[in-house]
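1. have a look; sequence and predicted model below, questions after that.
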Amino acid sequence: MRILVAEQLAREGIEILRAHHEVDELVGVPREDLLARIGEYDALMVRSQVQADAELIAAGSRLVVIGRAGVGVDNVDLEAATRAGITVVNAPTGNTIAAAEHSLALLATLARRIVEGDAALRRGEWKSRSGLVGVELRGKTLGIVGLGKIGQAIADRARAMEMTILGSDPFVTAEGAARHGIELVELPELLRRVDVLTVHVPLTRATRGLIGAAEIATMKRGALVVNVARGGIYDEAAVADALRSGQLGGAAFDVFESEPPTGSPLLDAPNTVLTPHLGASTAEAQVRVAEEAAEQVVDVLD
C-alpha cells in the first residue's frame with residue numbers, strides 16, 4: 001500500500017513505514033499539489049502544519065488512515081474522516097516528558113525572571129540582587145488542570161521541587177491522583193488556592209476559554225500561569241489585562257490562539273515568557289512520536 005508523508009518526520013518513523021509499505025515524502029509542497037496527489041495514497045502522515053480538513057479528505061478517495069505524529073488531532077477534521085470511514089491515529093505518549101520539562105522550564109524562568117536578567121545584562125546593566133527579585137517554587141501550590149500523562153509527569157517532578165500539588169480532572173479518581181501526590185479538587189477551589197496554574201487539556205468546545213477574566217479574578221493576586229497545552233484554553237486578552245493590573249504576576253505561554261501569534265495581546269504584556277510552540281521540540285520526542293504514529297498507521301493498514 002502507499003503512504004504519503006506530508007511533513008518532516010524523524011527517519012526512525014519513515015523506516016518503520018518503509019519496512020511494510022511504499023512511502024513518498026512530499027514535504028513543504030503547495031497545498032494544491034497535495035490535493036492533486038492525495039488520491040493516489042492509502043495513508044497520510046502529518047504533524048501540525050498540514051490541515052487534513054474536509055477538502056483534503058474528500059480528495060483522498062483511497063485513504064484508509066491518517067496518522068498525526070504528535071499529541072491531539074487538532075489539524076485533522078475528525079467528523080469528515082469519520083464520514084469517509086478513515087481511521088485517525090496519533091502519538092499520545094511520545095512527547096510527554098518533553099512537554100512536562102518545558103512546562104517546568106518556563107515556570108522556573110518566569111519565577112526567577114531569567115529572561116529579564118539576560119536582557120538587562122546584554123544591555124550592559126548589572127541589576128543584581130535589588131533589581132530582579134524572583135520567587136522560590138519550594139512551598140508554593142501548583143494547580144494542574146488535566147491529569148493525563150503530561151499532567152502526571154509534571155506532578156511527579158514538582159514533588160521533587162517540594163511544591164504542594166492540586167489537580168482538577170473529571171476523568172480521574174482521587175485515588176489515581178493521590179498516586180502522583182496530587183490532591184484532587186474541583187476547578188473553582190483549585191483556582192482559589194494555587195500560586196501557579198498550568199493547564200494540560202485538549203482544546204475542545206468545553207475547554208475553549210476555560211480560564212478567562214472571571215476565573216482569573218478568583219485567583220490569588222500575583223499568581224503565575226503557564227500554557228504548554230493548546231492556544232485558546234486561556235483567554236489571552238484576559239491574561240494580558242490581568243498582567244497589566246497585577247492580578248497575575250506572570251504568564252509563560254508556548255501556545256497561542258493563532259500561530260504565529262501576530263497581534264496577540266500577550267506580545268506586549270508585562271512579565272511574560274513566550275516560546276514558539278516548543279513543547280515537543282526535543283530530539284528524543286520527535287523520534288518517539290514518529291515511531292508511535294508510524295506503528296499505528298502500519299497496524300491499521302495491516
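-> Arrived safely, thanks for sending.
2. please make it C-alpha for all contacts and neighbour counts, starting now.
-> Fine.
3. Ile150 and His200 touch, don't they?
-> Yes - using CA atoms under 8 Å, Ile150 is in contact with His200, at 6.9 Å.
4. buried ones in stretch 41-58, by neighbour count?
-> Of the residues in stretch 41-58, 41-48, 50-52, 54, 56-58 count as buried by neighbour count, 16 or more other CA atoms under 10 Å.
5. with just CA atoms, put stretch 153-169 into PDB.
-> Only the C-alpha atoms of stretch 153-169 are listed here, as PDB (Å, rounded to 0.1, in the frame of the first residue of the first chain):
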ATOM      1  CA  ALA A 153       4.600  13.800  34.800                       C
ATOM      2  CA  ILE A 154       4.600  17.400  35.900                       C
ATOM      3  CA  ALA A 155       3.300  16.500  39.300                       C
ATOM      4  CA  ASP A 156       6.000  13.800  39.800                       C
ATOM      5  CA  ARG A 157       8.700  16.400  39.000                       C
ATOM      6  CA  ALA A 158       7.100  19.200  41.000                       C
ATOM      7  CA  ARG A 159       7.000  17.000  44.100                       C
ATOM      8  CA  ALA A 160      10.800  16.800  43.900                       C
ATOM      9  CA  MET A 161      10.800  20.700  44.000                       C
ATOM     10  CA  GLU A 162       8.800  20.400  47.200                       C
ATOM     11  CA  MET A 163       5.600  22.000  45.800                       C
ATOM     12  CA  THR A 164       2.100  21.300  47.000                       C
ATOM     13  CA  ILE A 165       0.100  19.900  44.100                       C
ATOM     14  CA  LEU A 166      -3.700  20.300  43.400                       C
ATOM     15  CA  GLY A 167      -5.300  18.800  40.400                       C
ATOM     16  CA  SER A 168      -8.700  19.000  38.600                       C
ATOM     17  CA  ASP A 169      -9.900  16.400  36.100                       C
END
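6. chain center to it: distance?
-> 18 Å (CA atoms, centre = their mean, to the nearest Å).
7. same check on stretch 208-217?
-> 18 Å.
8. pull the longest helix from the chain.
-> What stands out as the longest helix in the chain, according to DSSP state H, is helix 283-301.
9. from Arg179, how far out is Ile150?
-> 15 Å (CA to CA, to the nearest Å).
10. can you check Ser168 too?
-> Ser168 is 14 Å from Arg179, by CA to CA.
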